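Novice: Need a 3D model of the sequence below.
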Amino acid sequence: MRHLTVDRIDGIYAICEDKDRKMFAIPLTDLPANVREGDKLDIDNEGTVTVNDKATAEARKATRAKEDALFTDD
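Specialist: This is a model prediction of the structure:
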């Protein structure tokens with residue numbers, strides 16, 4: 001199974017990054033509906049793409065914690 005992160009949406013493409021920081025442009029029509037920047041995608045051996053909701057939520061939580069630490073006056 002391959003894991004990608006949606007870096008950004010650019011027109012009709014989702015620009016995705018793998019763990020080695022290699023970038024891929026995937027047509028939005030090949031992805032689940034309502035895919036968003038920051039979503040973690042799983043691609044199985046048959047090419048089926050799903051959003052990994054748990055991994056996405058964990059990544060967003062970690063990002064929020066980092067942002068909070070940066071902007072908190074302590």
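Novice: Stretch 5-12: which residues count as buried?
Specialist: For stretch 5-12, a neighbour-count test (16 or more other Cβ atoms under 10 Å) marks 5, 6 as buried. Yep, even glycine has a C-beta here, placed from its N, CA and C like the rest.
Novice: Now tell me what touches that stretch from outside.
Specialist: Stretch 5-12 has contacts (Cβ atoms under 8 Å, 6 or more residues apart in numbering) with 14-18, 23, 25, 27-29, 35-41, 59.
Novice: Contacts only, for residue 21.
Specialist: Counted by Cβ under 8 Å, 6+ apart, residue 21 has zero contacts.
Novice: Pull out the buried members of the contacts of stretch 5-12.
Specialist: The neighbour-count criterion (16+ other Cβ under 10 Å) marks 14, 15, 16, 35, 39, 40, 41 among the contacts of stretch 5-12 as buried.
Novice: Check the average confidence over the top strand by length along the chain, would you?
Specialist: Longest strand in the chain, counting residues (DSSP state E): strand 2-10. Averaging pLDDT along strand 2-10 yields 97.
Novice: and it, how far from the chain's centre?
Specialist: Offset of strand 2-10 from its chain centre (Cα atoms, centre = their mean, to the nearest Å): 4 Å.
Novice: same check, this time on stretch 54-72
Specialist: On Cα atoms, centre = their mean, the centre of stretch 54-72 falls 14 Å from that of its chain.
Novice: what mean pLDDT does that stretch have?
Specialist: Average pLDDT, stretch 54-72: 91.
Novice: cool, and stretch 22-35?
Specialist: With pLDDT averaged residue by residue, stretch 22-35 scores 95.
Novice: Need the distance between the two termini of it.
Specialist: 19 Å (Cα to Cα, to the nearest Å).
Novice: tell me how far it is from the chain's mean position?
Specialist: Taking Cα atoms, centre = their mean, the mean C-alpha location of stretch 22-35 is offset from the chain mean by 10 Å.
Novice: and if you look at stretch 36-55?
Specialist: Here stretch 36-55 shows a centroid-to-chain-centroid distance of 8 Å under the convention Cα atoms, centre = their mean.
Novice: which parts of that stretch are buried?
Specialist: With burial defined by 16+ other Cβ under 10 Å, the residues of stretch 36-55 counted as buried are 39, 40, 41, 43, 49, 51, 52.
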